[in-house]
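Undergrad: no sequence for this one, just the structure:
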Ligand code: ATR
């Protein structure tokens, strides 16, 4: 019997408990996954609690992903480069931090790529916050042909470009310039919250110039189809919502903790049911 959970603030609407608990049950593992509402001022104490209570694994979410790092014993390369942790594994008292967000996105993308290799893709990432940093780091480490970043506040995109440039060619752009050059890209990812319920009529950029057959991902899953995705589809793009990244980041955490590969299909079904889709 192992106790697992997610730590965030607020944590009320997290889909992780139901997703992991159903998987534990289906695989016959007598573990339990809980939601822990941890105020920022209590983070250090909470991590001491993890050690004292022998909690075996945690997901970490907003606002603790960066702050938690100083309380861990080890942080893997990917999480260090991202500069944030979303997964903690308790290995006989040693707390090891990793980050499955970016890899989760990559995994969710692979079924859409078929034989067309990611290494040869030109990618545009919209947004320069925490989610963007995880994704661009993983894409850059994997290797792609071009990785451009656009953001309302261009100085933040500039900083991310500096970060990924040692791995892949990368430039930053104003939102308006990115819109004009959209036909250059094979993959376009929205990492901002623009278009999320209740603001379902907003789009992060005008997608009209997207290339036919391009992949357009939106990390939003509420609604399941954003206006941005709908407009991209109307122009002949292949679209993908945030359910895939959410499920795969969870699946990768699950695998790190248990050594068992969970069912992506069942996890997706659980999440879609919870989302009412
Ligand atoms: P997350 O951790 O989910 O990525 P974040 O770190 O708060 O969230 O980042 C939010 C991203 O969405 C940022 O790129 C932000 O742009 P700014 O850097 O200019 O703030 C972008 N964003 C949020 N609301 C936006 C809006 N209304 N229009 C354009 N971009 C927006």
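TA: Cool, got the structure. Worth saying up front: this structure is predicted, and the values here are computed from it rather than measured.
Undergrad: Can you report how many residues lie near the residue nearest to residue 156 when sequence neighbours are not counted?
TA: The shortest distance from residue 156 to any non-neighbouring residue, by Cβ to Cβ, 6 or more residues apart in numbering, is to residue 128 (3.8 Å). All C-beta atoms are positioned from the backbone trio N, CA, C, and that covers glycine. The local packing of residue 128 (other Cβ atoms under 10 Å) involves 25 other residues.
Undergrad: same check, this time on residue 53
TA: 10.
Undergrad: what does residue 173 give?
TA: Count around residue 173 with other Cβ under 10 Å applied: 19.
Undergrad: do the same with residue 9
TA: Neighbours of residue 9 (other Cβ under 10 Å): 17.
Undergrad: could we number from 840 for the rest of this?
TA: Yep, numbering from 840; the last one is residue 848 now.
Undergrad: That one: what's it in contact with?
TA: 876-879, 901-903 (Cβ atoms under 8 Å, 6 or more residues apart in numbering).
Undergrad: Return the distance of it relative to residue 1100.
TA: With distances taken as Cβ to Cβ, to the nearest Å, residue 848 is found 31 Å from residue 1100.
Undergrad: and the stretch 840-989 of the chain, which of its residues are near the ligand?
TA: Those residues of the stretch 840-989 of the chain that sit near the ligand, judged by Cβ under 6 Å from any ligand atom, are 966-971.
Undergrad: any idea which of those is closest to the ligand?
TA: Taking Cβ to the nearest ligand atom as the measure, the ligand lies nearest residue 968 of those, at 2.0 Å.
Undergrad: Surely the closest one and residue 1030 touch.
TA: Yes - counting by Cβ atoms under 8 Å, residue 968 touches residue 1030, with 6.7 Å between them.
Undergrad: Compare those two (neighbour count), which wins?
TA: Ranked by neighbour count (other Cβ under 10 Å), residue 968 and residue 1030 place residue 1030 first, with 27 against 14.
Undergrad: Is the ligand within reach of the helix or strand encompassing residue 999?
TA: Here residue 999 sits within helix 993-1003, counting by DSSP states H and E. Yes - residues of helix 993-1003 contacting the ligand under Cβ under 6 Å from any ligand atom: residue 995.
Undergrad: Excluding covalently adjacent residues, which one is nearest to residue 940?
TA: Spatially, and ignoring its direct neighbours in sequence, residue 940 is nearest to residue 973 (3.8 Å; Cβ to Cβ, 6+ apart).
Undergrad: Reduced to three states, what does the one you found come out as?
TA: helix (DSSP: H, G, I helix; E, B strand; the rest coil).
Undergrad: what's the neighbour count on it?
TA: A count of nearby residues for residue 973, using other Cβ under 10 Å, gives 28.
Undergrad: residue contacts, it?
TA: Residue 973 touches 921, 923, 925, 938, 940-941, 944, counting by Cβ under 8 Å, 6+ apart.
Undergrad: Which pLDDT value goes with it?
TA: On pLDDT, residue 973 comes in at 98.
Undergrad: And it, how far from residue 923?
TA: Residue 973 sits 7 Å away from residue 923, going by Cβ to Cβ.
Undergrad: Overlap in contacts, these two.
TA: The contact sets of residue 973 and residue 923 overlap at 938, 940 (Cβ under 8 Å, 6+ apart).
Undergrad: Assumed residue 936 was part of a strand.
TA: Yes - with three-state DSSP as the criterion, residue 936 is part of a strand.
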